[in-house]
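**Student:** Kindly generate the corresponding structure for this input.
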Amino acid sequence: MLLESRKSTACVALCALACAVTPAGASEEPATLNRITVTDSAIEDRFDPGTTDPASRARFDEAQVERQHAKNLVEILRSASGVTADLQGDGETIKIKLRGIENQRFMGEKPGVAIVVDGVPVFERTGKVNIDLDNIERIEVLKGAASYLYGDDALAGAVIVTTRRGAGQRGLRLDADRGAFGYRRHLLHAGFAGDAVSGHIQYSEREQDGYYYLSSTHSRTWSGHLQYALDASSDLSLGFEKSERFRDREGSVTGATAASLDPTGREEGRGYTRNFDVDLSRWNLRYSRDLDERSQLMAVVYEYRDDTTFWSAPMRFDAAGRPVAGVNDYSTFNDYRQTQRGAKAEYRVNLEQIALLAGLDLRRNDFDNDNRALNRFRTTPRGAVTEAGTQLSDDETRERMRALYGEAKFALGQATVGTVNVRRDRADVDFDAAPVIGNGNRAVSAGRAFEVDSYRAGVTHALGTSSTLFAAASTGFRLPSAEQLYRGETTTNAWVRSNHYLRPEQAISVELGARHRTSLAGWDTRLAASIFQIDRDDFILDSNGQYAATNTTTGGGSQFRNVGGARSRGLELEARTSPHAGWAFEAALTLLDARFTRYDNFFLSLGNANGAFVADPSAAQRANPAFWRSNYTVVAHDNTGNRIPRTPPRRLDVRAHWFPSPGWAFTGELDARARSWADELEQERWPGFALFHAGARYETKLPGPSGTSLTLFARVENVFDKRHWLIARGTGDANYDGRYDREDLSIVPDPGRIWRVGLSLRY
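**Tutor:** Now for the predicted structure:
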């Protein structure tokens, strides 16, 4: 009843807003539709969605990205409603989340958001996104389930990144930045443009010593693009990127006390992973041809490689059974190799009252995992010794995906446009694991095929020439992973089982919204509002609870099952103005209610989950600290109805831009977020915060050829040095003391005030 009441309240609020933004007499003079065009594409985002798009979007062009002088995507995307992100300590590796979807997940799971770079659906190791900020032409955030266009894992939407290209990249450019904690950035760019050929090549590097202990990072990236006009109606373009990255400790500490007294983690808090060496390479070849003034053909072939090595799983005990906590005491060396290859083709035709899109999507993905023991260790003080170099796992996953998709956009009246999307995916997932000690020296070979249909139906209605109402319902899905399907076949643990019958996770998204353009006190202003609901079903969770112990009969053993459900409901409001009287403004407000609708099988581990299971410890055992270091128990919880952790119910971002004289620009930003839960139990809080950020920019022309200029900038994040937590997660008894409290949270403290200054010279 409470949720239904909130839904009704949100509907009333939206209707009131729609009436408020509709100009007088608009219903009497509806807008006349021009030729209807298809603007969606899984290959290219250069098509302006316009007023007939039945979805919420946020778009940032190259000029907006450059003016931010951002260090990471968070600094850009936080001005869009509905967007949150997990930020690693290096400041450049993030996990993007939309509308509360996947905020309960962390570590290596997929983010529930399709990440698309130049038409390439990219899944990077640990679900994070490593994007070269120096090679971005445009970013678009599509909100709402979007598998109808992008397929697997688009449960909550998509983030579409287009890299730099075209004649606008001609000339020379040199950038140099400096900042807090040893931050350094350099960029060299050279481009040309002719009648038929244009292109550029670029080298950029970023590095920093880091605020956190052992948190140094660096990246070296070569990128470029070459475009050739075959004739007046067709072109061929080649884009590439080669990046070498290193990042060390992510900055987490264990417990609220450590976050306060030792925020850099020098004394404790090694983090679950360290020493990431990442080699990324990407190329894509694109063909585009205008068949006539109404129709177009596009095609792209691509390859994306991700070769990553890193350490994981900090040791608790050395080979002698002694407790260890050294910064290099890790148990596992991970070698991960990923290759994604594919091809897409789209045909579109735009007629007077109808427009059609037909697409083909072919993918071939290979994921190889080779994990070995990094050091000699024991899991318990008296457990068996694992020798350094022992093969812990060696497996390969092969995905073969084929999809057909289409869109029809058609007139329903003088001012109304309908949109229908359909997509059918066929995926074959094959899994092979080599014989290793951990699985009884037996090889595993298995496979599974999935067929999934995705849909969207939407409508837009113009109210006059400056207002639009829209509504849409769409679906999303995520395929089970190889680990979820076959985990029991790669271990001798009797309580860990495979599940070959898992169903894909499903999401249904419904949205109602309004867009309006008006003049407020002289400012040309764009307003947007939407209410949404995303329901997830067949949520795949471990039957023992997420990250719970597996060597116990509690919950019937450990097995991934379709046992969960979740719902996100919310209201999003945005306002953006054009400059007027030397000022411009932006504001984004998100109100969110995200809850588990089904999660009754959660088991919290207390003690050392790698030790011996004790179903009902005695009072003496519970009071003995030594007992918990080599034993554990579990406590059952029903989390149904609980708020999804790390989903703040309110989030606000407000920016004011001041242009006092030609060439000068100053920006102030309020970034605020309400408190939320850090765990599924609704026991430990993640405090909210309100931060202030500021920036200054000066640009002037220099003597020389047209376009020669110098830009100087300064930027300060968290001006008032307000300490808070970047992220807080709680899953169990992290310090093995037999109880779960705020001292068991995994916390990444914020580094406080951060400054950057730099210059850019263009010729």
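**Student:** what's around residue 625, how many residues?
**Tutor:** By the other CB atoms under 10 Å criterion, the neighbourhood of residue 625 contains 9 residues. (Glycine included, C-beta is placed from N, CA and C.)
**Student:** Same question for the one 4 residues further on.
**Tutor:** Around residue 629 there are 19 other residues, counting by other CB under 10 Å.
**Student:** Tell me the secondary structure of it, please.
**Tutor:** helix (DSSP: H, G, I helix; E, B strand; the rest coil).
**Student:** Kindly report the same for the one 5 residues further on.
**Tutor:** Of the three states, residue 634 takes strand according to three-state DSSP.
**Student:** And the pLDDT at it?
**Tutor:** Looking at residue 634, its pLDDT is 86.
**Student:** what's the answer for residue 556, then?
**Tutor:** Note on residue 556: pLDDT of 57.
**Student:** Which parts of the chain are helices?
**Tutor:** Assigned by DSSP state H, the chain shows helices spanning 2-21, 62-68, 73-77, 147-150, 256-261, 482-486, 619-623, 625-630.
**Student:** Would you quantify the distance from the residue nearest to residue 54 when sequence neighbours are not counted to residue 445?
**Tutor:** Spatial nearest neighbour of residue 54, chain neighbours left out: residue 458 (2.7 Å); criterion: CB to CB, 6 or more residues apart in numbering. Computed as CB to CB, to the nearest Å, the residue 458 to residue 445 distance reads 43 Å.
**Student:** Between the two, which is the more surrounded one?
**Tutor:** Neighbour count, other CB under 10 Å: between residue 458 and residue 445, residue 458 has more, with 21 against 10.
**Student:** So the more buried one is in contact with residue 416, correct?
**Tutor:** No: at 11.3 Å, residue 458 and residue 416 do not qualify as touching, with contact defined as CB atoms under 8 Å.
**Student:** Could you report the pLDDT at the residue nearest to residue 249 when sequence neighbours are not counted?
**Tutor:** With CB to CB, 6+ apart as the criterion, residue 249 has its nearest non-adjacent residue at 4.2 Å, and that residue is residue 214. The pLDDT attached to residue 214 in the predicted structure is 87.
**Student:** same check, this time on residue 259
**Tutor:** Confidence at residue 259, expressed as pLDDT, is 92.
**Student:** show me the contacts for it.
**Tutor:** 253, 725, 747, 749 (CB atoms under 8 Å, 6 or more residues apart in numbering).
**Student:** ok, it to residue 735 distance?
**Tutor:** In terms of CB to CB, residue 259 sits 14 Å off from residue 735.
**Student:** swap in residue 334?
**Tutor:** Taken as CB to CB, the span from residue 334 to residue 735 is 25 Å.
**Student:** Who has more neighbours out of the two?
**Tutor:** Taking neighbours as other CB under 10 Å, residue 334 and residue 735 compare with residue 334 leading, 22 against 15.
**Student:** which residues does that one contact?
**Tutor:** Contact analysis of residue 334 by CB under 8 Å, 6+ apart lists 308-312, 369-371.
**Student:** okay, and for the stretch 201-350 of the chain, where does confidence drop off?
**Tutor:** 269 (pLDDT under 70).
**Student:** Around residue 478, how many other residues sit close by?
**Tutor:** 24.
**Student:** which residue sits closest to it, ignoring its sequence neighbours?
**Tutor:** In this structure, residue 478 finds its nearest non-sequential neighbour in residue 505, 4.4 Å apart by CB to CB, 6+ apart.
**Student:** Pull the contacting residues for that neighbour.
**Tutor:** So residue 505 contacts 155, 477-478, 480, 536-540, 562 (CB under 8 Å, 6+ apart).
**Student:** try residue 222
**Tutor:** Here residue 222 is in contact with 201-203, 240-243 (CB under 8 Å, 6+ apart).
**Student:** Output the lowest mean pLDDT helix or strand found in this structure.
**Tutor:** Using mean pLDDT, DSSP states H and E, the weakest-scoring helix or strand in the chain turns out to be helix 2-21, at a mean of 39.
**Student:** doesn't residue 298 make contact with residue 41?
**Tutor:** Yes: counting by CB under 8 Å, residue 41 does reach residue 298; the two are 7.3 Å apart.
**Student:** Pull up the overlap in contacts between those two.
**Tutor:** Contact criterion CB under 8 Å, 6+ apart; residues shared by residue 41 and residue 298: 346, 348.
**Student:** and the closest residue to residue 416 other than its chain neighbours, bridged to which residues?
**Tutor:** Nearest residue to residue 416, sequence neighbours excluded (CB to CB, 6+ apart): residue 461, at 4.8 Å. Beta-bridge partners of residue 461, counted by DSSP bridges, are residue 416, residue 469.
**Student:** Next up, the contacts around the residue nearest to residue 263 when sequence neighbours are not counted.
**Tutor:** Leaving aside its sequence neighbours, residue 263 sits nearest to residue 749 (CB to CB, 6+ apart; 3.8 Å). Counting by CB under 8 Å, 6+ apart, residue 749 makes contact with 251, 253, 259, 263, 723-726.
**Student:** who's in contact with the residue nearest to residue 249?
**Tutor:** Contacts of residue 214 (CB under 8 Å, 6+ apart): 248-249, 265, 274, 327.
**Student:** now residue 353
**Tutor:** With CB under 8 Å, 6+ apart, residue 353 has these contacts: 36, 410-411.
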